[in-house]
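Visitor: here are the coordinates; sequence isn't available:
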């Protein structure tokens with residue numbers, strides 16, 4: 001139902017609704033950062049064209065992920081989100097991405113080859 005509502009509105013209310021939903025997912029991250037469903041929804045929200053082209057918003061989200069990584073160092077989802085957000089930026093920082101991949105590989109060694117291929 002949510003995508004139908006979004007696509008039936010004009011562009012500016014759409015962005016506002018997405019921002020509200022992003023804030024909703026952020027609250028979920030701080031409540032339970034290992035809840036996979038919040039991360040899936042968050043990634044879907046950030047993949048929307050009206051959001052993915054907003055560099056200021058992406059930078060804010062990257063900063064939030066860095067804060068969450070600092071507070072929850074053993075949670076892989078903010079690390080994955082940080083990589084994904086960084087790659088959405090016009091000029092991704094490959095050194096930062098490599099550092100995060102190494103953290104992920106240490107945290108989740110079984111999936112290390114997968115992370116390194118991304």
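Guide: Yes, it's here. Keep in mind that this is a model prediction, so the values were computed, not measured.
Visitor: All the helices of this protein, residue numbers only.
Guide: With DSSP state H as the criterion, the chain has helices at 2-7, 11-31, 36-46, 49-52, 55-71, 76-88, 94-107, 112-117.
Visitor: tell me the most buried of those helices?
Guide: Of the helices of the chain, the one with the most neighbours on average (mean count of other Cβ atoms under 10 Å) is helix 76-88, at a mean of 20. For the C-beta atoms, the positions are set from N, CA and C on the backbone; glycine is no exception.
Visitor: so what does it touch, helix or strand wise?
Guide: helix 36-46, helix 55-71, helix 94-107 (3 or more Cβ pairs under 8 Å, 6 or more residues apart in numbering; DSSP states H and E).
Visitor: want to try CSV for these, with mean pLDDT and distance to residue 115 as columns?
Guide: Listed next are those as CSV, based on pLDDT from 0 to 100; distance: least, Cβ to Cβ, whole Å:
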stretch, mean pLDDT, distance to residue 115
helix 36-46, 95, 15
helix 55-71, 96, 15
helix 94-107, 96, 5
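Visitor: With distance to residue 27 as new columns, can these be given to me in JSON lines?
Guide: Shown next, in JSON lines, are those (distance: least, Cβ to Cβ, whole Å):
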{"stretch": "helix 36-46", "distance to residue 27": "9"}
{"stretch": "helix 55-71", "distance to residue 27": "11"}
{"stretch": "helix 94-107", "distance to residue 27": "23"}
